[in-house]
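Asker: After the sequence you'll find the predicted model.
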Amino acid sequence: MKDQWRSGLKNQEVQMRLKQKAIGGLIWTFSQQFSVQAINFVVQLVLARLLLPEDFGLVAMLSVFMALGTSLTDSGLTSSLIRTKEAAQRDYSTVFFMNLVASLLIYIVLFFSAPLIASFFDQPMLVPIIRLYTCTFIIRAFSQVQQTKLTKEMNFKLQMLIQIPSVIIAGIAGVLFAYHGMGVWSLVYMNIIQVSLSAIQLWFRTGWWPSLEFDWQLLKSHLNFGYKLTLAGILNTIFTNLYNVIIGKYFSATQLGYYNRADTLRMFPVQNLATALNKVTYPMFSSIQEDNTKLKEAYRMLMQQVIFWLLPLMAILIIVAKPLFVFLLTDKWLPAVPYFQWLCIAGLMYPLNAYNLNILNVKGRSDLFLRLEVIKKVIITLGVILAIPYGIYGLIYFQVASTILAYFINSYYSGKLIDYSASKQLMDILPSLALATLVGVMVWLFYRIVEEYLNWPKWVVISIVGISYFGVYLIVGYLLRLRAYRDFKTLILKR
């Protein structure tokens, strides 16, 4: 009896330490993610005022190749390291050298493929841009394992202290380059500087150095898990950036620039929130992967929190899109406003899809992960072919529809693993969705009155709409005692 009591007490202590570590990690990773991206966001705003839409369009044409190179360089090995409970020095060193070799091979392939890529887009200037920009693969490969080790240890404080100076220095350099008329090269040099500074700091501040050892058996073990994620990642990368490729090929660099800025701006809150949470939750989920009850409860709370805070934010962005673009980017970016509004709707599904797929990863079902990606990509291919004749708007409407369909596919399979189906998930987020919609309609009507009859400055309109929305949303959420609101309050008080 005493042994059972001690065992139960020990389990409670372990759970409490895990929870405290997760909350602490969440605070630091949010600080890192949002401070770094806030700086980067300001830099992007300044660059958008100094550069032309086609400058951003040229870099956006390369997005699929940059993302593909990143996926192939890593080959899912860092995810395997995080998932491995007892990763040793030999594991880390093996992955380090494999990543380095892969990055060199990928750079060589892209270096010699540059003329073909430039010919595809009918943009000769892309040849030197590709050959310089893609050297970031090699630079990043030197520090991927150090970054992974910090993530596995949930040391997000040091990651923040490394990234902030890198982003600031690179951002200042990029703005100076743009100010002196360097155009698209400002974006290229800025990224190279940022990646280089981060890599140097990770080498000297993490305390980890590779040893001269390489284990083929360990590599095979990590690849056995990672290659399926890599194939799925390649598919996802191609189809995530498919819209950039299609717009760049069939339309102009200027229109791609508008689409790219709209997509970047709407993904700023979405991707940062999702990335910050993912960095904490993946190692946390991995540590409780055998306990479906705990895993389900952790996922439920995570999903409700993300939706509760993301819904009002995206609704506000949709409402104030026009004054926001004029205030931040100037009138020359107004054609991007309708793109932005529709993409905000698709953005709501981004974290839900990511976390459902995370369940498959922590359960070791990378085979199922890959299978789902293939199914979804076949659907997307057919949809894009049918949407092209309807122009950019046809592509954007389909993008919204495909993200919703992807959620039901992902949640169906992940839900079976932890007994948390799509219908149960939707029932949990329905109160927040209904509240956000109701408040959104009220605030939108208020905004239309302000826009039509009052000539207030743009920043005043944006501020009033934002404060009004969040004020009403939180007050009603408190009065209705929404579960997401109560969970957030409990987490803060316990912390």
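Answerer: Arrived safely, thanks for sending.
Asker: At which residues are the helices of the stretch 1-150 of the chain located?
Answerer: Remark: helices assigned in the stretch 1-150 of the chain by DSSP state H, counting those that start in this stretch are 2-50, 53-61, 63-74, 77-83, 89-121, 126-133, 136-141, 144-152.
Asker: for the stretch 251-400 of the chain, that is, sorry about that
Answerer: Counting by DSSP H, counting those that start in this stretch, the helices of the stretch 251-400 of the chain are 253-287, 292-319, 321-329, 337-347, 349-362, 366-387, 391-418.
Asker: will you turn the ones you listed into CSV that also has distance to Ala178?
Answerer: Where C-beta positions appear, they are placed from N, C-alpha and C, glycine not excepted. Shown next, in CSV, are these (distance: least, C-beta to C-beta, whole Å):
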stretch, distance to Ala178
helix 253-287, 14
helix 292-319, 26
helix 321-329, 14
helix 337-347, 22
helix 349-362, 29
helix 366-387, 33
helix 391-418, 26
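Asker: Need those in JSON lines (columns: mean pLDDT, distance to Asn155 and mean neighbour count).
Answerer: Formatted as JSON lines, those follow (pLDDT from 0 to 100; distance: least, C-beta to C-beta, whole Å; neighbours: other C-beta atoms under 10 Å):
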{"stretch": "helix 253-287", "mean pLDDT": "74", "distance to Asn155": "11", "mean neighbour count": "22"}
{"stretch": "helix 292-319", "mean pLDDT": "83", "distance to Asn155": "21", "mean neighbour count": "20"}
{"stretch": "helix 321-329", "mean pLDDT": "90", "distance to Asn155": "34", "mean neighbour count": "19"}
{"stretch": "helix 337-347", "mean pLDDT": "91", "distance to Asn155": "29", "mean neighbour count": "21"}
{"stretch": "helix 349-362", "mean pLDDT": "78", "distance to Asn155": "20", "mean neighbour count": "22"}
{"stretch": "helix 366-387", "mean pLDDT": "83", "distance to Asn155": "26", "mean neighbour count": "17"}
{"stretch": "helix 391-418", "mean pLDDT": "87", "distance to Asn155": "28", "mean neighbour count": "18"}
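Asker: right, so of the ones you listed, which gets closest to Leu104?
Answerer: helix 366-387 (25.7 Å; C-beta to C-beta).
Asker: Output that closest one as CSV, nothing but the C-alphas.
Answerer: Provided in CSV are the C-alpha atoms of helix 366-387 (Å, rounded to 0.1, in the frame of the first residue of the first chain):
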residue,chain,number,x,y,z
SER,A,366,5.6,8.8,-39.6
ASP,A,367,4.3,6.3,-42.1
LEU,A,368,0.7,7.5,-41.6
PHE,A,369,2.0,11.1,-41.7
LEU,A,370,3.4,10.5,-45.1
ARG,A,371,0.3,8.7,-46.4
LEU,A,372,-1.9,11.6,-45.4
GLU,A,373,0.4,14.1,-47.0
VAL,A,374,0.2,12.2,-50.3
ILE,A,375,-3.6,12.1,-50.2
LYS,A,376,-3.9,15.8,-49.5
LYS,A,377,-1.4,16.7,-52.2
VAL,A,378,-3.3,14.8,-54.8
ILE,A,379,-6.4,16.7,-53.9
ILE,A,380,-4.5,20.0,-54.0
THR,A,381,-2.9,19.3,-57.4
LEU,A,382,-6.3,18.7,-58.9
GLY,A,383,-7.8,21.8,-57.2
VAL,A,384,-5.0,24.1,-58.4
ILE,A,385,-5.3,22.9,-62.0
LEU,A,386,-9.0,23.7,-61.9
ALA,A,387,-8.5,27.0,-60.1
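Asker: No more questions from me, cheers.
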